[in-house]
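In: curious how this folds, go ahead:
(one chain, ligands or ions: 1)
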Amino acid sequence: MDKIVVNKLDLFYGDQQALNNIGIAMKERSVTALIGPSGCGKSTFLRTLNRMQDLIPSVKITGQVKIDGQDIYATGTDVVLLRKKVGMVFQNPNPFPKSVFENVAYGPRIHGETDKKKLSEIVETSLKDAALWNEVKDRLHESALGLSGGQQQRLCIARLLAVGPEILLMDEPTSALDPISTMKIEELISELKDKYTIIIVTHNMHQASRVSDRTAFFLSGDLIEEDVTSVLFTRPAKKKTEDYISGRFG
Ligand SMILES: Nc1ncnc2c1ncn2[C@@H]1O[C@H](COP(=O)(O)OP(=O)(O)OP(=O)(O)O)[C@@H](O)[C@H]1O
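Out: Take a look at the predicted model:
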């Protein structure tokens, strides 16, 4: 079933257009990779899916983004609830300067959970689901800033999972990490897709082919082509896609 359906989406920064007439549907419990050269609009597009771009005053958006059939840009949308449902992980892991436990408990607390036993359960489950529990179970009350970069990124994923999202947006989540930490995040993505709909921006085409079910290729604000990942990388329909994946530019 389609989880996200985008239709005729345009985005402007002031009078500069960064997304042109984007149309794409993304299936529930699948991984979609967004690829394309620097500046093509991948991050901008990703951020339209939880209305992060609304935070920039010069941004103007037209068109539709429907999640579970509801237009998230319709008046009356509760943006706090939307961002709970559609969580985001960034390029550089950004844990709070608090303990491991407090990082994960933070979201549920903000959303009103006060029961200590419940919070402990949520923290444990979220850390297990983020494949971090075994590494941190003996240091839950130590600072998160003492963890490695890869552990910090998995902690940021646990922090998201703790508030019960359905969609995970990942903006180059491994570009600041070493190869082993990258592999762990990629394995984690494969496990998480059983429960979540995942959209990942990546500069790394090998990563896109390893982790995603479908891939979308962006160029200069246009969505050039979107298909099953193995098809897009071996038999692209468009010349521009072929030029990009064969390394002729970008
Ligand atoms: N806050 C902003 N204000 C004005 N222009 C912006 C802003 N953010 C992005 N842009 C412009 O929008 C276009 C798309 O940028 P975006 O960051 O979405 O591309 P990208 O494909 O994610 O690039 P990268 O891979 O380098 O992160 C670029 O021309 C960029 O300069």
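
In: separation between the most centrally placed residue in the chain and Met52?
Out: Nearest to the geometric centre of the chain sits Leu169, at 1.4 Å (CA atoms, centre = their mean). Distance, Leu169 to Met52, using CB to CB, to the nearest Å: 8 Å. From N, CA and C alone the C-beta is placed, and that goes for glycine too.

In: okay, and the common contacts of those two?
Out: Residues within reach of Leu169 and of Met52 at once, by CB atoms under 8 Å, 6 or more residues apart in numbering, are Met88.

In: so is stretch 71-90 next to the ligand?
Out: No. Figure legend: stretch 71-90 not in contact with the ligand (CB under 6 Å from any ligand atom); closest approach 11.2 Å.

In: close to the ligand: what parts of this structure are there?
Out: So the chain meets the ligand at 13, 18, 36, 38-44, 56 (CB under 6 Å from any ligand atom).

In: now, which of those lie within helices?
Out: Secondary structure assignment by DSSP state H places 42-44 of those in helices.

In: give the helix, strand or coil label for the nearest residue to Pro165 once chain neighbours are set aside.
Out: Excluding the flanking residues, the one nearest Pro165 by CB to CB, 6 or more residues apart in numbering is Gly87, at 4.0 Å. Secondary structure, DSSP: H, G, I helix; E, B strand; the rest coil: Gly87 is strand.

In: what's the distance between Gly87 and Gly23?
Out: 24 Å.

In: contacts only, for Gly221.
Out: Residues in contact with Gly221 (CB under 8 Å, 6+ apart) are 17-20, 40-41.

In: those helices in the chain, which residues are they?
Out: 42-48, 79-85, 100-110, 116-129, 133-136, 149-161, 179-192, 205-211, 229-234, 239-245.

In: count the neighbours of the closest residue to Glu124 other than its chain neighbours for me.
Out: Nearest residue to Glu124 in three dimensions, chain neighbours excluded: Trp133, at 6.6 Å (CB to CB, 6+ apart). Neighbour count of Trp133, defined by other CB atoms under 10 Å: 17.
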